[in-house]
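Asks: I would like the atomic coordinates for the input below:
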Amino acid sequence: MDDQNKNLILATALSFLIILVWFVLFPPPEPEVPLDTAAPTTAQAEDPGTVPTAPAIGDAAEPATEVATETADAPRIDIETPRVSGSISLLGGRIDDLRLKDYRTSLQPDADIVRMLSPVGTADAYYAVYGWAPGGGLNADAVPGPNTTWALAAGDTLSVGEPVTLTWNNGDGLVFERIISIDDQYMFDITQSVTNTSGAAVRVAPYGMLTRHGEPSDLKNFFILHEGAVAMADGELAEIDWDEIPDADVDPSWGRPAIVTEGVTDGWVGFTDHYWQSILIPTGVQSFDQALTYAPRSDVYRAVTRLPTQDVADGATVAVQTQLFAGAKEWETIREYQSGGVQGFIDSIDWGWFFFLTKPIFWLLHELNKLIGNMGWAIIGLTLIIKAVLVPLAYKSYVSMAKMKELQPQMEKLKEQAGDDKQKLQQGMMELYKKEKVNPAAGCLPILLQIPIFFSLYKVIFVTIELRHAPFFGPFQDLSAPDPTSIINLFGLLPNAAPDPNSLMALVFIGILPLLLGISMWLQQKLNPAPTDPTQQMIFAWMPWVFMFMLGSFASGLVVYWIANNVITFTQQYLIMRSQGYKPDLLSNITGSFKKKAAEEPKK
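Replies: As a prediction, the model looks like this:
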């Protein structure tokens, strides 16, 4: 076996080993758990949420600790836009009921609409709270808290171009107002103001807070995906896992585990799930503090923005503005908000360590999908473009492989002359390579380059919402999910479901796409005669079928990419070898492998 084939085997074995270890250590995630409205746990009921317990920026006093009660019977204001629906509770003025009209929990026609925010008293309670912390001379009752009942002053339904206004009068000369508006996507604008007619100057500190009761029930816990908190502080992105927040040191000013960043001039903070996120974005302030806290007793997570303390003179009005993003992590939508001034917002999508590959790969895939109108064909188009970019390397590789085939007789002659003298054989082969201008390592480059591209595409397919429930054709209606076909449903011809992707049955009864993957890899191998070494023969013989079963539970979009890559590689290699005077005898290589197996069978 020449060095070219040895290098090829080494590179292929390396990629196989990496993917195998990945697959074993980090199996595909569990299916999404539909959201429901079960009763809250005991821990949630004990202490469902409080306003921040830390002093606001400056010398404002600590706000009072108050329990946020259930809001089932509280008056509500409807939210209705082309993309979201829900309601705002007048108890605390909480944005705690939000559904995303364009997304359902599954592909079933009667599946529920995805619920983004949920009030206290439901499973996975998750909501946004805004308020004021009292400054010096004020007590907690002087400012609106989580249980304050606001009055609706203007508007009856929150919709695009139709804001609502809430008011609360403390009875001692302070009137608080909150104007809430929403655009045609997922961005809320919250303007908080206070008018002072108390006869003396007061100090109050505004804040915004996202509260989540426990970790999400549909948490994936898959290493390729970040779930938890995400924050941007003056150009520095931080991704914090759920378990990192309780493990943080207890911050003295918060009195609980907290991750605090003070004096942020431009940034945002919030929680991110697989496909959805909620983000607090202060605007129009010189600086603010952002924090992630955890209440151990009640198992409550909070993301908080504390704005600077406001001095409100008698007869004056002070207003602050904050934005709240609550919705799907759509690339185009988030990019528009970043263009509108939200710094680094596109990085709230988890692009991973290979962001320099995942971002351009996704952009190209997105543009192809817009052009073609089908994500499956867009993946195939992406594969064609990637292979076209790598044509110079592929050309050199296959030219080198063709020349290596031509040198086979001379290499066999060198082996006979060298005998057992390996050093003499190596020297002779190096002189032959130099004389014929052949690089034996050239064949490894295209294969090695495919490894980071493969991982990056897997990241894109698994993480981005644009691939969620993206159809291809026939039974392939979700390219982010494993192949739904199997011999059990005659590869999609029958209506019954295939085995669960996480079951042993699914590993045995694979779908049509993994089967095509194995066949395409096997045909690609047959462009070259089988190696003479028995061990290398065994590796080559088993590799397509090992990959076929191993990738059976991967996202079907990724398998589509690999099949397309194999077909294009086969075509490239065949044409380039023909152009160099070497004619691959595909039929003889295929029939020869079967004849060899038959000859090796023991005679009865």
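Asks: use CA for all of it now, contacts and neighbours both
Replies: Will do.
Asks: Touching, Ala326 and Ser278? I think so.
Replies: Yes: here Ala326 reaches Ser278: they are 4.3 Å apart, a contact under C-alpha atoms under 8 Å.
Asks: Can you check the pLDDT for Leu324?
Replies: On the pLDDT scale, Leu324 is placed at 98.
Asks: mind checking how far the helix or strand hosting it is from the chain centre?
Replies: Using DSSP states H and E, Leu324 sits in strand 317-328. From the chain centre to the centre of strand 317-328 is a distance of 25 Å (C-alpha atoms, centre = their mean, to the nearest Å).
Asks: After it, which helix or strand is next?
Replies: Where DSSP H and E defines the elements, the next helix or strand beyond strand 317-328 is helix 331-339.
Asks: List the buried residues of the next helix or strand after that following helix.
Replies: Once the chain leaves helix 331-339, the next helix or strand it forms, by DSSP H and E, is helix 355-372. For helix 355-372, burial by neighbour count (16 or more other C-alpha atoms under 10 Å) applies to Leu357, Thr358, Lys359, Ile361, Phe362, Leu364, Leu365, His366, Leu368, Asn369.
Asks: And the contacts of the helix or strand that helix 355-372 is followed by?
Replies: Scanning the chain past helix 355-372 towards its C-terminal end, the next helix or strand to appear is helix 375-389 (assignment: DSSP H and E). Judged by C-alpha atoms under 8 Å, 6 or more residues apart in numbering, the contacts made with helix 375-389 from elsewhere in the structure are 364-366, 368-369, 372, 467, 470-473, 479, 557, 560-561, 564-565, 568-569.
Asks: what helix or strand is the residue nearest to Gln321 when sequence neighbours are not counted on?
Replies: Excluding its sequence neighbours, the residue lying closest to Gln321 (C-alpha to C-alpha, 6 or more residues apart in numbering) is Thr191, at 4.4 Å. In this assignment (DSSP H and E), Thr191 forms part of strand 187-196.
Asks: same for that strand, what does it pack against?
Replies: Under the contact criterion of 3 or more C-alpha pairs under 8 Å, 6 or more residues apart in numbering; DSSP states H and E, strand 187-196 touches strand 174-182, strand 317-328.
Asks: Sheet partners, orientation included, of the longest one?
Replies: Going back to what we said before, that points to strand 317-328. Partners of strand 317-328 in the sheet, by DSSP bridges, are strand 187-196 (antiparallel), strand 276-283 (antiparallel).
Asks: which residues pair with Ile79 across the strands?
Replies: Residues in a beta bridge with Ile79, per DSSP bridges, are Gly86, Leu158.
Asks: Surely it touches Gly155?
Replies: No: because the distance of 11.1 Å does not satisfy C-alpha under 8 Å, Ile79 is recorded as not touching Gly155.
Asks: out of those two, which sits in the more crowded spot?
Replies: Between Ile79 and Gly155, Ile79 has the larger neighbour count (other C-alpha atoms under 10 Å), namely 23 against 14.
Asks: What's the separation between that one and Gly145?
Replies: When distance is defined by C-alpha to C-alpha, to the nearest Å, Ile79 is 22 Å away from Gly145.
Asks: how about low-confidence regions in the stretch 301-450 of the chain?
Replies: 401-402, 404-406, 408, 436, 439-447 (pLDDT under 70).
Asks: that older thread, what's the mean pLDDT across the strand holding Thr191?
Replies: Rounded mean pLDDT across strand 187-196 is 96.
Asks: And the contacts of that strand?
Replies: 173-182, 202, 206, 312-326.
Asks: Which among these count as buried?
Replies: By 16+ other C-alpha under 10 Å, the contacts of strand 187-196 give 173-182, 202, 206, 312-314, 317, 320-326 as buried.
Asks: Provide a list of residues in contact with the residue lying closest to His469 once chain neighbours are set aside.
Replies: Nearest in space to His469, with sequence neighbours left out and distances taken as C-alpha to C-alpha, 6+ apart, is Asp478 at 4.1 Å. With contact set as C-alpha under 8 Å, 6+ apart, Asp478 has these partners: Leu467, Arg468, His469, Ala470, Pro471, Phe472, Ser556.
Asks: Assign a three-state SS to Asp478, would you?
Replies: Classification of Asp478 into helix, strand or coil gives coil, according to DSSP: H, G, I helix; E, B strand; the rest coil.
Asks: All set, thanks.
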